[in-house]
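Novice: Next one to model:
(4 chains)
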4 protein chains.
Amino acid sequence: MTQAKTEPAAHMGHHLCMPEDARKRAARRLKIARGHLDSIVTMLEQEDAYCVDVLRQIKAVQGALSGAGEVVLRGHLEAHVATASTRGDSVEIVEELMEALKYT
Amino acid sequence: MTQAKTEPAAHMGHHLCMPEDARKRAARRLKIARGHLDSIVTMLEQEDAYCVDVLRQIKAVQGALSGAGEVVLRGHLEAHVATASTRGDSVEIVEELMEALKYT
Amino acid sequence: MTQAKTEPAAHMGHHLCMPEDARKRAARRLKIARGHLDSIVTMLEQEDAYCVDVLRQIKAVQGALSGAGEVVLRGHLEAHVATASTRGDSVEIVEELMEALKYT
Amino acid sequence: MTQAKTEPAAHMGHHLCMPEDARKRAARRLKIARGHLDSIVTMLEQEDAYCVDVLRQIKAVQGALSGAGEVVLRGHLEAHVATASTRGDSVEIVEELMEALKYT
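Specialist: Predicted coordinates:
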């Protein structure tokens, strides 16, 4: 289920890895979002669930996912984009990031 | 963790419930999103996780949540908003919906 | 440049018009956004324009457009969606609105 | 009306300017968006303006603004972020960009 359509950062022959701190913080936030998502599923099992409450909860989870995405993006910008000109892959790395950001 | 800040549809003294079909379809979609979220958490446990892949996956889950939100919104519009003038609570129901949509 | 792909509310044989108050308030907000947009174009004529400033200004205009969109949506919900079951076009009007909201 | 809350890229003592090509392409797109915005204002002067049409047009302009924003962001990533580690201002430039992206 990884769905990696492009070979990640294969453009440089070596592999760019996510900074460990960002990886751990993003995982922590995603786990919280997952717990919240579980609670919405439980909510939807009740016959008296109300649409507007469900909408609000879904938006709250989307906000949590955006927060996790920000952690990942910040780590990527610092560790990989800011060093691109030194590495010599600016064009590829910017192209790849723009494509990933497009689906915001 | 339900965080219902306002009493749902309390404005009419009776309780507006979500159409069963929308409730089941939204639950199904949220369970799929939950599985996808699990796979991102697993991905982040790998040391060679790559930022851009994680960003893409997070966006995919956000898209799935938006899809679930659409199911809920459509059910709400059909079942509750379109019948508001008959019920006599147009002002309250629109106000409540606008507030919920604000955080898109 | 009006690009109206579907005949608006033609489903009922008669024409649903925008509430005058919403129409005027939306126009006022759009004119302000237009002035702001002008100032960004002027900014971009300067050689020392800085990307991040331009990004911020573009986002401010997008926020202003969202505000205008909210005025229009609220007017539509109150005047047309809340009265749909009385008029008998709930299905069509919800369908049309969901399609328009999709591109948020 | 420039509203620059932070001194742009002042962190380096010298001024980072937008690549000329991005500047011109962004200006061209914004001018098109402005023309489109004008046509919505005209539309709103008609008594028979229809809410859903106006919503669609507003979204079209927001899409055009996003396109202009993408041009600016891409130019910024290539010209300024990808060279940050060489210049030595990675932390500041990423911080500034994250703050600007937050309001997407």
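Novice: ok, the residue sitting nearest the centre point of chain A to chain B distance?
Specialist: When Cα atoms, centre = their mean is applied to chain A, the residue found nearest the centroid is A:G69 (3.5 Å). A:G69 sits 5 Å away from chain B, going by Cβ to the nearest Cβ, to the nearest Å. Every residue, glycine included, has its C-beta placed from N, CA and C.
Novice: ok, that residue - contacts?
Specialist: With contact set as Cβ atoms under 8 Å, 6 or more residues apart in numbering or on different chains, A:G69 has these partners: B:55, B:58-59.
Novice: Who wins on neighbours among the residues you listed?
Specialist: Of the contacts of A:G69, B:I58 is surrounded by the most neighbours, 28 neighbours in total, counting by other Cβ atoms under 10 Å in any protein chain shown.
Novice: what stretches of chain A score poorly on pLDDT?
Specialist: Along chain A, segments meeting pLDDT under 70 span A:1-14, A:103-104.
Novice: re the thing from before, mind checking which helix or strand the residue nearest to the centre of chain A is in?
Specialist: helix A:51-76 (DSSP states H and E).
Novice: The helix or strand that that helix is followed by - contacts with which helices or strands?
Specialist: Next along the chain after helix A:51-76, taking DSSP H and E as the criterion, comes helix A:84-87. Packed against helix A:84-87 by the contact rule (3 or more Cβ pairs under 8 Å, 6 or more residues apart in numbering or on different chains; DSSP states H and E) you find helix A:90-102, helix D:84-87.
Novice: circling back to that earlier point, which positions in the helix holding A:G69 come out as buried?
Specialist: A:51-62, A:64-76 (16 or more other Cβ atoms under 10 Å in any protein chain shown).
Novice: what's the answer for stretch A:84-92, then?
Specialist: In stretch A:84-92, counting by 16+ other Cβ under 10 Å, buried: A:84-85, A:87, A:89-90.
Novice: next one: stretch A:25-43
Specialist: Buried, per 16+ other Cβ under 10 Å, within stretch A:25-43: A:25-27, A:29-30, A:33-34, A:36-37, A:40, A:43.
Novice: just checking, A:H15 touches B:E47?
Specialist: No - if you go by Cβ atoms under 8 Å, A:H15 and B:E47 don't touch, sitting 10.3 Å apart.
Novice: Any chance of TSV for the contacts of A:G69, columns distance to chain C?
Specialist: Output for these, formatted as TSV (distance: Cβ to the nearest Cβ, whole Å):
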residue	distance to chain C
B:L55	19
B:I58	19
B:K59	15
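Novice: which one of those sits closest to D:P19?
Specialist: B:L55 (24.6 Å; Cβ to Cβ).
Novice: Spatially nearest residue to the closest one (excluding sequence neighbours)?
Specialist: With sequence-adjacent residues excluded and distances taken as Cβ to Cβ, 6 or more residues apart in numbering or on different chains, B:L55 is closest to A:A100, at 4.8 Å.
Novice: And for A:E70?
Specialist: That would be D:M98: by Cβ to Cβ, 6+ apart, it lies 6.8 Å from A:E70.
Novice: try A:E78
Specialist: A:E78 sits nearest to D:V94 (Cβ to Cβ, 6+ apart), 5.1 Å away.
Novice: Tally up the residues packed near that neighbour, please.
Specialist: D:V94 has 21 nearby residues by other Cβ under 10 Å.
Novice: And it, how far from B:L55?
Specialist: 15 Å (Cβ to Cβ, to the nearest Å).
Novice: Please tell me how far A:A27 sits from chain D.
Specialist: Counting by Cβ to the nearest Cβ, the gap from A:A27 to chain D is 20 Å.
Novice: Quick check, that residue in contact with B:T42.
Specialist: No - in this structure A:A27 lies outside contact range of B:T42 using Cβ under 8 Å: 9.4 Å.
Novice: tell me which element the closest residue to A:Q57 other than its chain neighbours falls in.
Specialist: Leaving aside its sequence neighbours, A:Q57 sits nearest to A:I40 (Cβ to Cβ, 6+ apart; 4.7 Å). Per DSSP H and E: A:I40 is located in helix A:20-44.
Novice: Counting by contacts, list what that helix packs against.
Specialist: Checking 3+ Cβ pairs under 8 Å, 6+ apart, helix A:20-44 ends up next to helix A:51-76, helix B:20-44, helix B:51-76.
Novice: so can I have JSON lines of the ones you listed showing distance to C:D21?
Specialist: Below are the helices and strands packed on helix A:20-44 laid out as JSON lines (distance: least, Cβ to Cβ, whole Å):
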{"stretch": "helix A:51-76", "distance to C:D21": "25"}
{"stretch": "helix B:20-44", "distance to C:D21": "32"}
{"stretch": "helix B:51-76", "distance to C:D21": "25"}
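Novice: Which helix or strand contains A:D48?
Specialist: Going by DSSP H and E, A:D48 is not in any helix or strand.
Novice: That one and B:E20, how far apart?
Specialist: According to Cβ to Cβ, A:D48 and B:E20 sit 11 Å apart.
Novice: same question, A:S66
Specialist: Taking Cβ to Cβ, one finds A:S66 at 31 Å from B:E20.
Novice: and what of A:C17?
Specialist: 47 Å.
Novice: more neighbours, these two?
Specialist: A:C17 (17 against 11).
Novice: pretty sure the more buried one contacts B:Q46?
Specialist: No - the pair A:C17 / B:Q46 is not scored as a contact, 9.1 Å apart, by Cβ under 8 Å.
Novice: and the buried residues of stretch A:84-92 as JSON lines, adding distance to B:H80?
Specialist: Formatted as JSON lines, these follow (distance: Cβ to Cβ, whole Å):
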{"residue": "A:A84", "distance to B:H80": "51"}
{"residue": "A:S85", "distance to B:H80": "55"}
{"residue": "A:R87", "distance to B:H80": "55"}
{"residue": "A:D89", "distance to B:H80": "53"}
{"residue": "A:S90", "distance to B:H80": "52"}
